[in-house]
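> Here is a sequence with its predicted model. Questions after.
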Amino acid sequence: MKPSDLSNEIYRLYEIEKLSTREITKQLKILSKTSILYILRKHGVVMRSHAHYRKFDWQQILELYLSGFSINQIAEKLGCCSSWVYLVLVKNNVKIRGSVGSEPKNKLKLSNVKIKQLYITENLTTVSIAKMFNTSHQVILKRLKKMNIPRRQMSYYRYVKDLQTNCGIFVASSSELKIANWLEQHNIKYLYNQTLHPSIFRYDFYLPKYNLYIEYFGLVSKDFYQERMERKLGFYFQNKLKLLSIYPWDDITKLLETKLI
């Protein structure tokens, strides 16, 4: 199935069969709700209003939330989207619980002088510096740019030297490192970054035991990346391959535990 076929199928399910984005996600399985929304909006589809959610009593939502249900669990139970449940709670002055383990970590204060010293004098990578400050390497790159410090041209090996899994496999990003280490800690065998035959794409992870592919779409906010992502998702959909899509805003550990344990 070509990417346009995937878009047409999503359009048919949303506009003709009147399925919600959540229902489409469940039916297609390989796509997240965010991917569905992106494809619909990209092709000019006007999203339906939440008027049909008014049938739900906000007190029912409050009771469920206070009894221990999470926002996602309430949305699943009522058949609506989690963002709407969140909005209802906030509008009614309900204090939103933090997720387990979400307490703020102690962070070193971001200092331009310190960043400059680490990057130029000590020759550390942006990834290493980001780990020290408990932030992303994109934040470090922005600081360097503001200080007019040119980015070093680094070999692939130099870049991934800091991104080696517990079993010694080099990976391309800190999020892929987190995925790989989790799989290794749970004794789940995987193949990494190999050709997705018969396409030109390369998958991030393949788990033979589960016959499952894992893709981390880390640059989903970039225009140049979104088209490639849609074509790749189209390939998975066309060939009916089992896929777990992970995005930057996902809780990687929680998602893997939900799907694989």
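Arrived safely, thanks for sending.

> Would you mind giving the domain segments of the protein?
Per automatic domain parsing, the structural domains of the chain span 51-91, 112-160, 174-260.

> Using JSON lines, lay out these together with mean pLDDT.
What follows is the domains of the chain, written out as JSON lines (pLDDT from 0 to 100):
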{"stretch": "domain 51-91", "mean pLDDT": "74"}
{"stretch": "domain 112-160", "mean pLDDT": "75"}
{"stretch": "domain 174-260", "mean pLDDT": "87"}
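
> Can you check which of those domains gets nearest to I16?
Counting by C-beta to C-beta, I16 lies closest to domain 51-91 out of the domains of the chain; the figure is 17.0 Å. To be clear about C-beta, it is placed using only N, CA and C from the backbone, and glycine gets the same treatment.

> Which residues does stretch 171-186 contact?
Here stretch 171-186 makes contact (C-beta atoms under 8 Å, 6 or more residues apart in numbering) with 127, 130-131, 136-137, 160, 163-167, 169, 189-190, 192-193, 204-205, 207, 214, 216, 218, 246, 248, 252-253, 256, 260-261.

> Which of the residues in that stretch are classified as buried?
Using 16 or more other C-beta atoms under 10 Å as the test for burial, stretch 171-186 gives 171-173, 175-184.

> What is the burial count for R143?
R143: 20 surrounding residues under other C-beta atoms under 10 Å.

> Kindly report the same for F237.
Close neighbours of F237, defined as other C-beta under 10 Å, add up to 20.

> Distance check, it against Y213.
When distance is defined by C-beta to C-beta, to the nearest Å, F237 is 12 Å away from Y213.

> Please enumerate the helices of the protein.
3-11, 21-28, 33-42, 58-66, 71-78, 82-91, 112-116, 126-133, 137-146, 156-160, 174-185, 223-238, 252-260 (DSSP state H).

> Could you dump these into a markdown table with distance to P198 added?
Converted to a markdown table, the helices of the chain look like this (distance: least, C-beta to C-beta, whole Å):
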| stretch | distance to P198 |
| --- | --- |
| helix 3-11 | 16 |
| helix 21-28 | 22 |
| helix 33-42 | 23 |
| helix 58-66 | 47 |
| helix 71-78 | 37 |
| helix 82-91 | 37 |
| helix 112-116 | 45 |
| helix 126-133 | 34 |
| helix 137-146 | 34 |
| helix 156-160 | 26 |
| helix 174-185 | 24 |
| helix 223-238 | 9 |
| helix 252-260 | 26 |
